[in-house]
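*Asks:* here is a sequence with its predicted model. Questions after.
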Amino acid sequence: MFFAHLIVPLQAEIERKVFVFMAQTPQDKTSAEVERISREELMKAQSNTPIEDDGCPWYALRLFTLRQMDVVNALVEKGMEFFVPMQYVDYMDREGRRRRKLRAVVQNLVFVKKTFEPGYLSGIVADLPYKMMVIRKSRGSREFCEIPSKQMYDFRVMCNPELLIHKYMSEEEARLKVGTRVLVTHGPLKGLSGKLVRQSHKYYLLKEVPGMAVMIKVTRWCCQPVEE
């Protein structure tokens, strides 16, 4: 797959980067400055992680707190692999120069890979000092909604912040999009699947997961319809 060359295992790289920056941080730095460095390095570590379809499903955590990176740090400490969709944003620094940095697309979602028993995740969600919940199969259901490995693989690939033409939306907005289920058979997106939709005279591949959706520009002739 065209992102297969991307680099290092997630948890080891995150732990290494966070440890190095914490060790290099002067004692007089404030906790806010330490958190800012940690946030940047966590996001960079994620973006440099290889994306693989390893057969492990994922869960989606819905957060009811603005401390998304604190939650991510806590999950990493528990040995969990996470994913937070990111995008580049432009901003002006104090000298009036235009700069770019990675930011989370949404602040209220964190995805975690299922490398543990469901009861373990329930315990962590209950014990952490942040209000959150695991998205369930349906309202009133006690079962967690598992995101299949292939679905999450496609979603992660399509969330690559280096891709220029892609858009994010809510689950509700995605459900309103009319389109055809397709498999991309040619081009750099070969192997990805989703819903082929049209917007502003352009075609996009739409991929939904619990909590949100992403769509990226695709050539219609590279897509083959598949059965629902």
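*Replies:* Alright, I've got the coordinates. Numbering: from 1, shown residues only.
*Asks:* let me know how buried the nearest residue to Ser122 once chain neighbours are set aside is, in neighbour terms.
*Replies:* Nearest non-adjacent residue to Ser122, counting by C-beta to C-beta, 6 or more residues apart in numbering: Val134, 7.3 Å away. Any C-beta I mention is one placed from the backbone N, CA and C, and that applies to glycine too. Using other C-beta atoms under 10 Å, Val134 has 18 other residues around it.
*Asks:* with Glu172 instead?
*Replies:* Neighbour tally, Glu172, other C-beta under 10 Å: 8.
*Asks:* quick one: average confidence on the helix or strand encompassing it?
*Replies:* Using DSSP states H and E, Glu172 falls within helix 171-175. On average, the pLDDT along helix 171-175 is 93.
*Asks:* what residues sit buried inside it?
*Replies:* Neighbour counts over helix 171-175 (16 or more other C-beta atoms under 10 Å) mark Ala174 as buried.
*Asks:* run through the neighbouring helices and strands of that helix.
*Replies:* strand 202-209, strand 212-217 (3 or more C-beta pairs under 8 Å, 6 or more residues apart in numbering; DSSP states H and E).
*Asks:* hmm, who's touching it?
*Replies:* Contacts with helix 171-175, where a contact means C-beta atoms under 8 Å, 6 or more residues apart in numbering, come from 206, 208, 210-213.
*Asks:* with stretch 213-227 instead?
*Replies:* Contacts of stretch 213-227 (C-beta under 8 Å, 6+ apart): 85, 155, 158-159, 163, 165-171, 173-174, 177, 180-187, 189-190, 193-194, 196-197, 202-207.
*Asks:* returning to what we had before: in the sheet, who's paired with the residue nearest to Ser122?
*Replies:* In this entry, Val134 is beta-bridged to Leu61, by DSSP bridges.
*Asks:* and the gap between it and Glu117?
*Replies:* From Val134 over to Glu117 the distance is 13 Å, taken as C-beta to C-beta, to the nearest Å.
*Asks:* again, but for Cys223
*Replies:* 38 Å.
*Asks:* surely Val76 and Asp70 touch.
*Replies:* No. Using C-beta atoms under 8 Å, Val76 is not in contact with Asp70; the gap is 10.9 Å.
*Asks:* quick one: the strands in the protein?
*Replies:* With strands called from DSSP state E, the chain shows them at 58-63, 82-83, 86-92, 98-104, 109-113, 132-134, 166-169, 179-184, 193-199, 202-209, 212-217, 223-225.
*Asks:* what is the second one packed up against?
*Replies:* By that I understand strand 82-83. Strand 82-83 packs on helix 68-77, strand 109-113, going by 3+ C-beta pairs under 8 Å, 6+ apart.
*Asks:* which one of those has the lowest average pLDDT?
*Replies:* helix 68-77 (a mean of 90).
*Asks:* got the CA positions of that helix in PDB?
*Replies:* Provided in PDB are the C-alpha atoms of helix 68-77 (Å, rounded to 0.1, in the frame of the first residue of the first chain):
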ATOM      1  CA  GLN A  68      -7.900  15.400  24.800                       C
ATOM      2  CA  MET A  69      -4.100  15.200  25.000                       C
ATOM      3  CA  ASP A  70      -4.300  14.400  28.700                       C
ATOM      4  CA  VAL A  71      -6.500  11.500  27.900                       C
ATOM      5  CA  VAL A  72      -4.100  10.400  25.100                       C
ATOM      6  CA  ASN A  73      -1.200  10.500  27.500                       C
ATOM      7  CA  ALA A  74      -3.100   8.500  30.100                       C
ATOM      8  CA  LEU A  75      -3.900   5.800  27.400                       C
ATOM      9  CA  VAL A  76      -0.300   5.700  26.300                       C
ATOM     10  CA  GLU A  77       0.800   5.100  29.900                       C
END
